[in-house]
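**Student:** Got a sequence here, can you model it:
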Amino acid sequence: MDKLPCQIKSISAKYSGSQLLQKKYKEFEKSVRVEEIDGMKVVKNLAVKMEEMFRRKAEATRRLVEAAEEAHHQHEENPDLQYEYFNAVLINEVDEEGNNVELGGEFLLEPNYHFNNLSVNLSLSVVQVPTNMYNKDPDIVNGVYWSEALNKVFVDNYERDPTLIWQYFGSAKGFFRQYPGVKWHPDEHGVIGFDCRNRKWYIQAATSPKDVVILVDVSGSMKGLRLTIARQTVSSILDTLGDDDFFNIIAYNQEIHYVEPCLNGTLVRADRTNKDHFREHLDKLFAKGIGLLGEALTEAFMILSDFNQTGRGSVCSQAIMLVTDGATEMYDDVFEKYNWPERKVRLFPYLIGRESAFADNLKWMACANKGYFSQISTLADVQENVMRYLHVMSRPKVIDHEHDTVWTEAYVDSALNDKSGPTLTTTVAMPVFSTKNETNQGILLGVVGTDIPLQELMKLIPKHMLGIHGYVFAITNNGYILIHPDLRPLYQEGQKRRKPNYSSVDLSEVEWEDKDGILRNAMVNRRTGTFSMEVKKTVDRGRRVLKMHNDYYYTDIKGTPFSVGVALSRGHGKYFFRGNVSLEAGLRDLEQPDVALADEWTYCNIEEEHEHRHLTQIQAIKLFMTGRRPHLKCDRELIQEVLFDAVVTAPLEAYWTGLALNKSENSDKGVEIAFLGTRTGLSRTNLFVPVDQLSNRDFLTAEDKEGVFNADHFPLWYKRAAEQVPGTFVYSIPFSTALENKSVVLASTAIQLLDDRKSPIVAAVGIQMKLEYFQKKFWTACRQCTALDGKCSISCDNEDINCYLIDNNGFILVTEEQSQTGLFFGEVEGAVMNKLLQMGSFKRITLYDYQALCREYAGSSDSARTLSDVSVQQTAFRGRERSRGKTMMVPCDTEYPAFVSERTIKETTGNIECDGCIRSFVIQQIPSSNLFMVVVDNKCDCSSAPPVTMDPIEIIYILSSLKCERLKYQKDRKKPESCHPFHPEENAMECGSATRFSGPLAAALLPLITATISR
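**Tutor:** Here you go, the predicted model:
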C-alpha cells in the first residue's frame, strides 16, 4: 500500500511535466512584479466599457426611430395601395408549377457566421405578419411600404457597428420588419404565433409602468363559453404586464372574491412566478349568483389609491380592466367619488359575448375614464382586442414625444430557431410616433429594437485580472441577473428548452449567502461600493463545493438600468503578476502548434471591423504587436503576459515529445493526454495516443464546458488544483452531462510563483489516463506487502474486506465492484459514511438551489411532486419516473448536501454497531493527493443502515401563512425614471369602436361625457 502514493504521484508528475514547469517559472521569480488587484478600479473600467458598448447600440436604435418617423411623415395613406413585399414566411416558396408565390419572390440567403450560421440577406429586411392577420390588409400594406425606408438605415447601422445583430421595427398594426432578412418557418400546425406587440421590448417601450386591477365577472350569466373567453382574456392581459408593473385579480358576483385570498387589498409585481400563480387560480373560477359591479369597482379604486399613496407599486399609470358580459347601470356615483375630475385611473371594459344590450353602458364608462371599450365574441378575438389598451396607455408618452430608451432583462428570443442553441440577449428599444398634425390621439406607430447578445458583454471582461475563482456579474433595476456564471437558463445544458423562470432569476437566488440582501439592494439602487462574505461555490455540476471568502466591488452602468459587479476570492485570487519577454521570443513560442488561446477571451477585438473577422486571435496578436494592423483593438497588457507564458511553458512541448518518442515509456498507453493552462488563458496539449483512441474525446474541447477556459470561468481541473496544497495532485473521474463518463481519471496540480499565500497561481498542469490503468496501479500497490516478515494482517485480496479509493468529496474512483465507480461513497457504504461524518473526517455542507426543477405529476396536488432534475447540476442522479401518468417540470427551491474531507486527518479507524455485530473500517489519506483509501470489514452486515445520498430535498412552504408571506414579499427594486401616466391634451373620446352608441342614448350620454371630460 505504501507504494501507491509514490507510483501515482510519479506518473502524474512525470507525464504532466509539473516539476519542469515549476522550475521554469522559478527562473523568472526575480524579474516579475506581483501586484494586488484593485477590484474597484477593475469594476469602474469595466462599467465604462459596457456603457460605451450599450451607447453604440442605443444610437443605432435612435437612427432607426428618426428614419421611421420621417418616412411615415412623408407617406400619404392610400387604402388601394398594391405593394409586393418580402414576406418572411413566403420568400423562396414556389407553387406547384414552380413559380414564386405571391409576396414570396426570390430572396438571396447566405450562411453567416456572425448570425449563428443562419442563412441571411445583409442587404434587405423581411416582413412577418401574424398568422391571424391578412397579409394584404391596407393598413399593413401602407405600413410595410413606408417602412421600406428602414432598409438603408439597417445596412448603414451594421456597417458602422459590425457587432450588431438583429435590428427590427414592430408595427402597432401587427407586422414585424426584421434585418437582416431571414426565412421564418411555421410550427408543425402551420402557425407562427409570434406577434411583436406582446413582446416585452414592445410593451416596455410603448407604455409606462402601471398598476392594474383586473375585475372578472363570475355571476351566473357568465357560465360556459363566456367564462372560458373571460379566462383567456385575463390571461392575455397578464401577458402584457412586465416586471415594472403591479397587479391583482378580483372575481365578483354578489360578493368580492380575491382570486388569491392571501393578497387581499394589495398588488404584487407582475413577474413570471406571480402571473403563473394567478393563472392556476383562474381555472378554479366558476359562475353563479348575480353580479354587483359597484362594490367591485369601489374595491379596485380603493386598492389603487392606497397602494399609490404608500409609494409601492409602479407609482405611475393606473388602470382597471373589467371583464364582464354586461353592466345594468353606469356607476357614475362610484367614478364621481373615486376618479373624477382627475381621472387618474383608466377603465378598460371587455364585453364578453355577442349580445350588445349593455355595450352603451360599458362604452360610456370607458370614455368617461380615459379608457377603451372592446367587445370579445370568440376566443379568436381575444388577443387583438386586449392589445388595444396598450395604445391608449401609450398616448401620453406619444403626445410628450418622449423617446424613452428601454432595456429588457436577459431573454432568449424564440422568434428564430437558432441552430447553435439559445443565446441570451437583452434588447434596447424605443417607441416610434406619428409626427403628422393629427388630433391629440397620440398615435404610436410602433417600436424599434436592437438585440445585444450578452456574449458581447462577456467579451469585455478582463478575465486575467480576476484570478481563478473571480467573475463578473450584472443585474437589472429589478435585481434580475443579466450575466452571472451561476445562471442556468436551460433544463439541461446542450438542450434548447428554457426553464420557465429563466429570465427572472434574482441575484439573491445565486448569491444566497447574502441573507440580508446587502449586496443586491446596493446594486439595485445603483450605488458604488464594496461588500465581503464567505461563500460556498459549487463546481462539477453541483457535486463538489469550494469554500472561499469573496470581496465584491460594484457600480452602475450609466445610461442603462443595469449595475455591474466583480467578485474576487481572497488569497491567491487577489494577486496578479507581470512578466516580460522579448516580442520576438514571445511570438515565436505563441505560434507553436500545441498552443491554443481561450476561445471566449478577448485578446484582440476582431468583431468590430468586417476586415478582421477572418483572423484568429493569434494572427491578430501578431499583426497588432508587429505594427502591421495598428487599428486593431487589442489588450496590450494581456498580450504581454500571454507572450511571457508562451515563452515559460515552451520547454514542455519538447519534454512531452521526448516522452512520446521513448518506446519504453507508457507502453500500455495508459496516459493519454498531458495538458497545461496558464492565468492568461493560454493552453498547451500533447496527445500520447492518436485522437481516435482517446477514451474521453470531449475533454479539452468545446463540448466539455467545465473543462476549458470560458468567458466566465477557468477550467474545473485548474480551479480544483488551485485549492489543494501546492505540489499535490487532484484526481477525479469527470462527470459528463448525460451519463457519467467512467473511462478516464484526470490528475492536475497548480504551479505557484512564490512560496507564500499571496503568491498568484500562475498555471496548472495535468494528465488524462485510462481508468483501468489507474485502477491497475492501485490494485498492484495494494497487493504488495511491505511487512518485514512478509505476513500482512490485511490485504485487499481478502474476501472479508472491501477496499475503496475515494476522493476528497467522497466519490469512488476504485472499487472491486465496477458498477460502483463514480458513485458517492455514502450510497454504497451508508453506515461507514455516517460514522466518518460523526468523527469529523468528512463534513456535510448544506447548499441551496433556487433555480431547481421538480417533476410534478399532471392533475396532482403539490404534494405529488417528486424531485427530479434538481438542476443541471444533479441531472445524472435523477430521472426516476413513474410508469404511468404525465409529468411536467416545474420551478422549485431545493436543499442538498455536498461533502468535503477534513485535511488534517491522516489516518482514522472506526467501529459501527450493526444488528448485533461490529463493523470496523480504516480510512487513510494518500499523501500528495486528494485521495483516501478506505478499507471496510464486510463480515458484519450493515445493509439495513440507510444510505447517505446527495439527493436534493424540495423546500416546501406548507404553512399557508408562510406561502402568503412569500407572495407578498417585495424585494427592493429601482423604479424606471420615466413616467407618462396622462396628458391634459389627450383625446379621450377615442375610446372604443366595437359598437356605436344607439341614437337616443347617445343624445343623453354625450353631454355628460363631454362635461366629465372637460373637468
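**Student:** Where does pLDDT dip in this protein?
**Tutor:** Within the chain, the stretches with pLDDT under 70 are 1-6, 413-422, 438-442, 491-497, 736-742, 756-758, 783-794, 857-886, 958-962, 993-1015.
**Student:** which one's the longest helix in it?
**Tutor:** Secondary structure of the chain per DSSP state H: the longest helix is helix 39-74.
**Student:** how about the strands of the stretch 351-500 of the chain, start to end?
**Tutor:** 374-376, 406-407, 425-433, 444-453, 471-475, 481-483 (DSSP state E, counting those that start in this stretch).
**Student:** what angle separates the longest one from strand 425-433?
**Tutor:** Translated: strand 444-453. Put simply, strand 444-453 runs at 160 degrees to strand 425-433, going by axes from the mean of the first three to the mean of the last three Cα atoms, to 10 degrees.
**Student:** ok, strand 444-453: who's next to it in the sheet?
**Tutor:** strand 167-171 (antiparallel), strand 425-433 (antiparallel) (DSSP bridges).
**Student:** got those as CSV, with distance to Leu716 columns?
**Tutor:** For glycine as for every other residue, the C-beta is placed from the backbone atoms N, C-alpha and C. Output for those, formatted as CSV (distance: least, Cβ to Cβ, whole Å):
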stretch, distance to Leu716
strand 167-171, 38
strand 425-433, 27
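**Student:** any chance of those strands in a markdown table, plus mean neighbour count?
**Tutor:** Shown next, in a markdown table, are these (neighbours: other Cβ atoms under 10 Å):
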| stretch | mean neighbour count |
| --- | --- |
| strand 167-171 | 26 |
| strand 425-433 | 25 |
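**Student:** that older thread, past the longest helix of the chain, which element shows up next along the chain?
**Tutor:** For helix 39-74, the following helix or strand on the C-terminal side (DSSP states H and E) is strand 110-112.
**Student:** contacting residues around that following strand?
**Tutor:** 117-122, 180 (Cβ atoms under 8 Å, 6 or more residues apart in numbering).
**Student:** try it again with 10 Å
**Tutor:** Strand 110-112 is contacted from outside by 117-122, 180, 182, 419, using Cβ atoms under 10 Å, 6 or more residues apart in numbering.
**Student:** Can you name the two of those that sit furthest apart?
**Tutor:** Leu122 and Lys419 (18.2 Å; Cβ to Cβ).
**Student:** Can you give me the buried ones in stretch 338-354?
**Tutor:** Judged by neighbour count using 16 or more other Cβ atoms under 10 Å, the buried positions of stretch 338-354 are 338-340, 343-353.
**Student:** Now the two most distant members of those.
**Tutor:** Taking Cβ to Cβ, no two of the buried residues of stretch 338-354 sit farther apart than Lys344 and Gly353, at 30.2 Å.
**Student:** With adjacent residues omitted, what lies nearest to Arg578?
**Tutor:** Spatially, and ignoring its direct neighbours in sequence, Arg578 is nearest to Arg33 (4.8 Å; Cβ to Cβ, 6 or more residues apart in numbering).
**Student:** ok so, going back, which of the contacts of strand 110-112 tops the neighbour count?
**Tutor:** Taking other Cβ atoms under 10 Å as the neighbour criterion, Pro180 ranks highest of those with 25 neighbours.
**Student:** that older thread, take the contacts of strand 110-112 and keep only those in strands.
**Tutor:** 118-121, 182 (DSSP state E).
**Student:** can you put these in a markdown table and add distance to Lys974?
**Tutor:** A markdown table is the format used below for these (distance: Cβ to Cβ, whole Å):
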| residue | distance to Lys974 |
| --- | --- |
| Leu118 | 36 |
| Ser119 | 41 |
| Val120 | 37 |
| Asn121 | 40 |
| Val182 | 36 |
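**Student:** Tell me which residue is most central in this protein.
**Tutor:** Centroid check for the chain by Cα atoms, centre = their mean gives Pro489 as the closest residue, at 4.1 Å.
**Student:** Go ahead and confirm it touches Ala410.
**Tutor:** Yes. Taking Cβ atoms under 10 Å as the definition, Pro489 is a contact partner of Ala410 at 7.8 Å.
**Student:** can you list residues touching both of these two?
**Tutor:** By Cβ under 10 Å, 6+ apart, the residues touching both Pro489 and Ala410 are 424, 481, 502-503, 505.
**Student:** Gly573: what's it in contact with?
**Tutor:** 37, 466-470, 548-551, 567, 722, 760-761.
**Student:** likewise Tyr603?
**Tutor:** Contacts of Tyr603 by Cβ under 10 Å, 6+ apart are 464, 597, 617-618, 620-621, 624, 634-636, 638-639, 642, 680-682.
**Student:** What about these, which are in strands?
**Tutor:** Mapping the contacts of Tyr603 onto strands (DSSP E) picks out 597, 634, 682.
**Student:** count of residues packed around the first one?
**Tutor:** This points to Leu597. By other Cβ under 10 Å, 18 other residues sit near Leu597.
**Student:** you'd agree it is up against Ser683?
**Tutor:** Yes. Contact criterion Cβ under 10 Å: Leu597 and Ser683 qualify, at 7.7 Å.
**Student:** need the next SSE after the helix or strand hosting Glu895, C-terminal direction.
**Tutor:** Here Glu895 sits within strand 887-901, counting by DSSP H and E. Under the assignment DSSP H and E, the closest C-terminal helix or strand after strand 887-901 is strand 907-914.
**Student:** ok, the following helix or strand past that next one: who's next to it in the sheet?
**Tutor:** The helix or strand immediately downstream of strand 907-914 is strand 917-925, counting by DSSP H and E. Applying DSSP bridges, strand 917-925 is found paired with strand 907-914 (antiparallel), strand 931-937 (antiparallel).
**Student:** Apart from its neighbours in sequence, what residue is nearest Ala620?
**Tutor:** Using Cβ to Cβ, 6+ apart, the closest residue to Ala620 is Cys604 (3.7 Å).
**Student:** what's around the one you found, how many residues?
**Tutor:** 26.
**Student:** Kindly check the end-to-end length of stretch 642-658 for me.
**Tutor:** From its first residue to its last, stretch 642-658 covers 25 Å (Cα to Cα, to the nearest Å).
**Student:** What of stretch 967-978?
**Tutor:** Termini of stretch 967-978 sit 27 Å apart (Cα to Cα).
**Student:** go on, stretch 285-304?
**Tutor:** 23 Å.
**Student:** Quick check: buried residues in that stretch?
**Tutor:** The neighbour-count check on stretch 285-304 (16+ other Cβ under 10 Å) flags 285, 287, 291, 293, 296-301, 303-304 as buried.
**Student:** Ok, stretch 278-287 next?
**Tutor:** Buried residues in stretch 278-287 (16+ other Cβ under 10 Å): 278, 282, 285, 287.
**Student:** these two touch, right, the last one and Tyr252?
**Tutor:** No. Taking Cβ under 10 Å as the contact criterion, Ala287 and Tyr252 are not neighbours in contact, 11.2 Å apart.
**Student:** Overlap of the contact sets of these two?
**Tutor:** By the contact definition Cβ under 10 Å, 6+ apart, Ala287 and Tyr252 are jointly contacted by 216-219.
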